[in-house]
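S.K.: Fold the following and give me the result.
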Amino acid sequence: MMKKLFLPLFLFCATVLHAQNTPQVEASFSADSVMIGDQFKLDVKVTKDVVQVTEFPTFDGKLTEYIEILKETPVDTMERNGRTVKLKKEYTLTSFQEGFHTMGHFPMLYMDKNITDTIFSRDSLMVQVTTLPVDTATQTIYDIKRPLEAPLKFGEISGYLLIGLIVLAAIAFAVYYIVKRMKNSPLLERKTTIEPPHVIAIRKLEKLHNKRLWQGGKQKLYYTALTDILREYLCNRYGVKAMEMTSVEIKDAISPILSGTKTMEDLSEILGTADFVKFAKYTPSAEQNEDMYNKAYYFVENTREQEKAISDETTSTDTVGTAEEKPQAKISEQKSDNSDRKEEMQ
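M.R.: From the prediction side, this is the model:
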């Protein structure tokens, strides 16, 4: 008889002890009834032992089919008393469906040593969502009014006109482009003025002279630049590929044109001196350096292509004579400048 009484009592005590050791979950809505679209809160509190592990469920934006989660706070520790800890989490909710919505008991995941279980809140969750009543007896419902007819203004169609003009301009440009392509002509024809070879050569010679390379001991660089200017000039003036020729090949190519002239002798002397400086480490004197520059300058001046004067048949010979005297005046001015430079060096 005693055994029969002891067994139920033991099972009851074990159940009570297990219930006391299991975390306790409390869940409640902030209101029992809310207006449709209004926000309300769900407060969840968990009381557990320090060593026990609990996890809140993860929701995909909805608590139930008709209750949406707007925001949820992180888990916060409300109270700590010895080994007992009370945790809290808050959800901000709303609903756009009228009626009674029941969630049931709030679930929690519980883990303790080798135990993994789901525990629930003691009370079931339910909320009523109401809406404003429509009084059709005292309020008259009217039909939708037709839109007012306003006069058409320029500002309303200006944008369409602008787009139309842009489209027309694009079509015109496309037609112009196609026609130009068919004729193999550039879209924008630019008139470029080609400088004569002697103008380019004189400008480069003057720039080289102003650098004062040989005065700084850069003899090889000076003569390399000097001969390169002459080579480029011969290439542009006579069509000789002087940039790819040796000094001997250049003299052979130019000799039929300038044979027996002092100009040819000056060119041979310039090329020969440059070869000695570049390959035999020859160091010319200051007078010789300046003389090579002058000879290169006068070589360009004396071999430059004469400008073709376009005139009527009635143009007098005096006008032609005047035009031919201008280069000579420029050469005489250059001679006087070079003589002044020599006097300053001496």
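
S.K.: Tell me which stretches of the stretch 1-150 of the chain form strands.
M.R.: 24-29, 33-35, 39-49, 53-55, 67-72, 76-81, 84-95, 99-104, 107-112, 115-120, 125-130 (DSSP state E, counting those that start in this stretch).

S.K.: Go through these and name the closest to M243.
M.R.: strand 67-72 (79.6 Å; CB to CB). All C-beta atoms are positioned from the backbone trio N, CA, C, and that covers glycine.

S.K.: how many degrees apart are the closest one and strand 39-49 in direction?
M.R.: Interaxial angle of strand 67-72 relative to strand 39-49 (axes from the mean of the first three to the mean of the last three CA atoms, to 10 degrees): 70 degrees.

S.K.: tell me the mean pLDDT over strand 67-72?
M.R.: Averaging pLDDT along strand 67-72 yields 93.

S.K.: Flag every buried residue along that strand.
M.R.: I67, E68, I69, E72 (16 or more other CB atoms under 10 Å).

S.K.: Tell me the one among the residues you listed nearest to S158.
M.R.: Looking across those and measuring by CB to CB, the closest to S158 is E68, at 45.8 Å.

S.K.: Now do the contacts for that closest one.
M.R.: G61, K62, L93, T94, S95, F96 (CB atoms under 8 Å, 6 or more residues apart in numbering).

S.K.: What is the nearest of these to Y223?
M.R.: G61 (85.1 Å).

S.K.: how about that closest one, what does it touch?
M.R.: E68, I69.

S.K.: Going forward, count from 7.
M.R.: That works, and once the first residue is 7, the last one we named lands at G67.

S.K.: Model confidence score at it, please.
M.R.: Reading off the model, G67 has pLDDT 89.

S.K.: now swap in K210 and tell me
M.R.: pLDDT, K210: 92.

S.K.: And the helix or strand where it lies, how far out from the chain middle?
M.R.: Element membership for K210, per DSSP states H and E: helix 203-217. In terms of CA atoms, centre = their mean, to the nearest Å, the centre of helix 203-217 is found 42 Å from the chain centre.

S.K.: what does that helix contact?
M.R.: Counting by CB under 8 Å, 6+ apart, 228, 231-232, 235-236, 238-239, 242-243, 299, 302-303, 306-307, 309-311 sit against helix 203-217.
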